[in-house]
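Visitor: what follows is a predicted protein model with its sequence.
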Amino acid sequence: KDYDGIINTLKNIGYQEGTTLFLFAYDWRQSIEKTTTDLYSYLQEKVWYSDPDQKVHIVGHSLGGLNGRIFTQQHTEKINQIIALGSPHMGAAQFYKPVEAGEIERANTIIWLAEKIFLILNKSTIESDKITIEKKFPIAKDLFPTFTFLKDTNNNDIPISSLTITNDLLTLYNQNFSDIFPLFTAIYGEKDAQTPSGFIVEPPSTVNQLLGNYTDGQPISSLYESGDYTSLSKSANQDADAIKLVFDHEEIITKKEAISKILETLDIDFTESQITEGEKTVISPSLIFMIKSPATMTVEFDSNEYVEDEGIIIIPNAQSGNYTLHAHGTAQGAYEITVGQISVTNDIWENIQGEITKSPASSQIDTYVINYNNQTAFSIIPTPTPTLTPTPSQTPTPTPTPTPTPTSSPSSSQSTTASTTNQSFALPQSIAYLSTNASTDPYVLGMSTEKELFTKAPEEPKESAQAVVKQPINIFPLWAYIVIPLTTAFLGVLI
């Protein structure tokens, strides 16, 4: 919903999806260089195959802007202009803990949700979260800070050059960043001095030393500076002609004023009535459901039904109440549903394990009622050990009495996870709900649905059979249509 505003605005102006407006999907977890390679292949197919000399304009939000900026440095001869909104050109302090120790610090941001879902889906019993992130989340290293962001317990700066982990990619591309300044415009948001900027650290604990964590220092407190609550102003503002707006990280792409600045910078004619605002995605509170085959799932609340997309349902701005979860059999075998409850004060992640035994599998629908409190989340696993029985919507079949075994324990970030060993069960009828209506429908998305928005301007009339007036292709990227899940980004190209 964050990007619905800019997309609908472009459509109001005259862009047509599939003709002059294209959506480019990419995996937000992959490295920046992989994404820019994919972007080149996409443009080669859509634009440059038929017109190799056509230059484009690029607009990107958050990671989308960083991708677009580096793409511009790689292919300057193909670019007319690059606009980046709230993009972390110098990296972000939020990626220190994930890279150094595999630790995800709770925050009310899409970045945090993206990292959290990623680790939940890739949790391993044979490797640490740090190794999992290193192997399967290379973008984290690409966003590691390149500015001084650590202090010792005496409040002395720790030089970035002394760290054992460094961001080689941004260090390389930032050396000649100024070369594209004639093509580059930054639009950034600044609310106050509450954007994470670093940490005060001490030597790692004995346990972390044994695990190889925090080789550059274990955080004991956080530091903050001016920014949009996600990207620091000094990281997003990289040129003298930067445009500052008093918006947060999502408002910088959803608000009418921000969209107007994008259109003005691109020199696109528009009227105020054509601008449609986007809608910010509320992470805290929210509910997340993720399922592994052989079943699909739906969630019901207050006469509304939410259907999964690629195994995930995300319901932002969730209200307290009872949610009815249905697991629909698609084949025989065991399934697992991860339920993430994000409240104002904490978050809990637990697994429901069930099994599709009926034949045909489509005749079995297992039902679970989940009580949710959006102020403080509580475990959906009853204690002490209860006797739980399945409540299929069809003729019930015998199932074993499960013995739930919670394995979670609150962390400093008030984030917990747990699992159950039962095969299928129905939770007690005491749980929570989510208010939904036409304006607050939940995001339903998958891990690979992050999108880049590419728009081609409508062609101008031909002056003659021989004279064809070229219009630039507009590409606007969404790096976190996963909302995000997982964090927010937008990208675009205009010829």
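Guide: Looks like it came in fine.
Visitor: switch to C-alpha atoms for all contacts and neighbour counts from now on
Guide: Will do.
Visitor: residue 126: how many residues sit nearby?
Guide: 8 (other Cα atoms under 10 Å).
Visitor: so where's the stretch 351-495 of the chain uncertain?
Guide: Along the stretch 351-495 of the chain, the parts satisfying pLDDT under 70 run over 382-495.
Visitor: which helix or strand contains residue 57?
Guide: strand 56-62 (DSSP states H and E).
Visitor: now the helix or strand just after that strand: how far from the chain's centre is it?
Guide: Where DSSP H and E defines the elements, the next helix or strand beyond strand 56-62 is helix 63-74. Relative to the mean C-alpha coordinate of its chain, helix 63-74 is positioned 18 Å out (Cα atoms, centre = their mean, to the nearest Å).
Visitor: what is the helix or strand following helix 63-74 packed up against?
Guide: Next along the chain after helix 63-74, taking DSSP H and E as the criterion, comes strand 79-85. In terms of contacts (3 or more Cα pairs under 8 Å, 6 or more residues apart in numbering; DSSP states H and E), strand 79-85 is packed against strand 56-62, helix 63-74, strand 184-189.
Visitor: report the angle between strand 79-85 and strand 184-189.
Guide: Angle, strand 79-85 to strand 184-189, by axes from the mean of the first three to the mean of the last three Cα atoms, to 10 degrees: 10 degrees.
Visitor: residue 15: what's its closest spatial neighbour, skipping adjacent residues?
Guide: Leaving aside its sequence neighbours, residue 15 sits nearest to residue 21 (Cα to Cα, 6 or more residues apart in numbering; 5.8 Å).
Visitor: look up phi and psi at the one you found.
Guide: With angles defined as degrees, to the nearest 10, residue 21 sits at phi -130, psi 120.
Visitor: count the neighbours of it for me.
Guide: Neighbour tally, residue 21, other Cα under 10 Å: 25.
Visitor: wait, it sits on residue 13?
Guide: No: Residue 21 is beyond contact range of residue 13, at 11.4 Å (criterion: Cα atoms under 8 Å).
Visitor: correct me, but residue 319 touches residue 373?
Guide: Yes: between residue 319 and residue 373 there is a contact at 7.4 Å, judged by Cα under 8 Å.
Visitor: for residue 170, which of the helices and strands packed on strand 79-85 is the nearest?
Guide: helix 63-74 (9.0 Å; Cα to Cα).
Visitor: elements contacting that closest one?
Guide: Checking 3+ Cα pairs under 8 Å, 6+ apart, helix 63-74 ends up next to helix 32-43, strand 56-62, strand 79-85, strand 473-478, strand 489-494.
Visitor: mind redoing it with 7 Å?
Guide: In terms of contacts (3 or more Cα pairs under 7 Å, 6 or more residues apart in numbering; DSSP states H and E), helix 63-74 is packed against helix 32-43, strand 56-62, strand 79-85, strand 489-494.
Visitor: give me the angle between the first one and strand 56-62.
Guide: Put plainly, it is helix 32-43. 140 degrees.
Visitor: now helix 32-43 against helix 63-74, angle please.
Guide: 80 degrees.
Visitor: for the second one, same thing?
Guide: Calculated by the same axes, to 10 degrees, strand 56-62 forms an angle of 140 degrees with helix 63-74.
Visitor: distance between strand 56-62 and the chain's centre?
Guide: For strand 56-62, the distance to the chain centre is 18 Å (Cα atoms, centre = their mean).
Visitor: residue boundaries of the helices in the stretch 101-250 of the chain?
Guide: Applying DSSP state H, counting those that start in this stretch to the stretch 101-250 of the chain gives helices spanning 110-121, 129-136, 139-142, 168-174, 206-211, 233-236.
Visitor: contacts for the third one, please.
Guide: So that's helix 139-142. Applying Cα atoms under 7 Å, 6 or more residues apart in numbering, the contact partners of helix 139-142 are 29-32, 95, 99, 167, 169-170.
Visitor: that helix: which residues count as buried?
Guide: 139-142 (16 or more other Cα atoms under 10 Å).
Visitor: which phi and psi does the closest residue in space to residue 163 that isn't next to it in sequence have?
Guide: In space, residue 163 comes closest to residue 216 once its chain neighbours are excluded; the distance is 5.8 Å by Cα to Cα, 6+ apart. The phi and psi values for residue 216, taken as degrees, to the nearest 10, are phi -100, psi 10.
Visitor: export the contacts of helix 139-142 to a markdown table and tack on distance to residue 269, pLDDT and neighbour count?
Guide: A markdown table is the format used below for these (distance: Cα to Cα, whole Å; pLDDT from 0 to 100; neighbours: other Cα atoms under 10 Å):
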| residue | distance to residue 269 | pLDDT | neighbour count |
| --- | --- | --- | --- |
| 29 | 36 | 82 | 21 |
| 30 | 36 | 89 | 15 |
| 31 | 35 | 94 | 19 |
| 32 | 32 | 95 | 25 |
| 95 | 39 | 94 | 24 |
| 99 | 44 | 95 | 25 |
| 167 | 40 | 97 | 17 |
| 169 | 37 | 97 | 17 |
| 170 | 35 | 98 | 22 |
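Visitor: closest to residue 363 among these?
Guide: residue 29 (36.9 Å).
Visitor: re the thing from before, out of the buried residues of helix 139-142, which comes closest to residue 212?
Guide: Using Cα to Cα, the buried residues of helix 139-142 come closest to residue 212 at residue 141, 16.6 Å.
Visitor: least confident of the helices of the stretch 101-250 of the chain, on average?
Guide: The minimum mean pLDDT among the helices of the stretch 101-250 of the chain belongs to helix 110-121 (a mean of 75).
Visitor: return that one as CSV; C-alpha atoms alone will do.
Guide: Taking Å, rounded to 0.1, in the frame of the first residue of the first chain, the C-alpha atoms of helix 110-121 are listed here in CSV:
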residue,chain,number,x,y,z
ILE,A,110,9.7,-2.8,7.7
ILE,A,111,13.4,-3.5,7.8
TRP,A,112,13.0,-5.2,11.2
LEU,A,113,10.0,-7.2,10.0
ALA,A,114,11.8,-8.3,6.8
GLU,A,115,14.8,-9.5,8.8
LYS,A,116,12.6,-11.3,11.4
ILE,A,117,10.5,-13.1,8.8
PHE,A,118,13.7,-14.1,7.0
LEU,A,119,15.2,-15.7,10.0
ILE,A,120,12.0,-17.4,11.0
LEU,A,121,11.7,-19.0,7.6
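Visitor: chain center to it: distance?
Guide: Counting by Cα atoms, centre = their mean, helix 110-121 comes out at 8 Å from the chain centroid.
Visitor: oh, and call the first residue 46 from now on, that's how I've got it
Guide: Noted, 46 is the first residue going forward, which turns the last one into helix 155-166.
Visitor: other SSEs contacting it?
Guide: Applying 3+ Cα pairs under 7 Å, 6+ apart, we find helix 155-166 packed against no helix or strand.
Visitor: flag every buried residue along it.
Guide: For helix 155-166, using 16+ other Cα under 10 Å, the buried residues are 155-165.
Visitor: quick one: which of these is nearest to residue 290?
Guide: Among the buried residues of helix 155-166, and counting by Cα to Cα, the member closest to residue 290 is residue 155, at 20.4 Å.
Visitor: in the stretch 296-445 of the chain, which spans are helices?
Guide: 296-299, 301-310.
Visitor: may I have stretch 277-289 as CSV, with CA atoms only?
Guide: C-alpha atoms of stretch 277-289 as CSV (Å, rounded to 0.1, in the frame of the first residue of the first chain):
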residue,chain,number,x,y,z
LEU,A,277,19.9,9.0,8.6
SER,A,278,19.9,12.4,7.0
LYS,A,279,23.6,12.3,6.5
SER,A,280,23.3,8.9,4.7
ALA,A,281,20.3,9.9,2.5
ASN,A,282,21.4,13.5,1.8
GLN,A,283,24.4,13.2,-0.5
ASP,A,284,24.3,16.3,-2.8
ALA,A,285,24.0,20.0,-2.5
ASP,A,286,20.7,20.1,-4.4
ALA,A,287,19.0,17.6,-2.0
ILE,A,288,15.4,18.2,-1.1
LYS,A,289,14.4,17.9,2.6
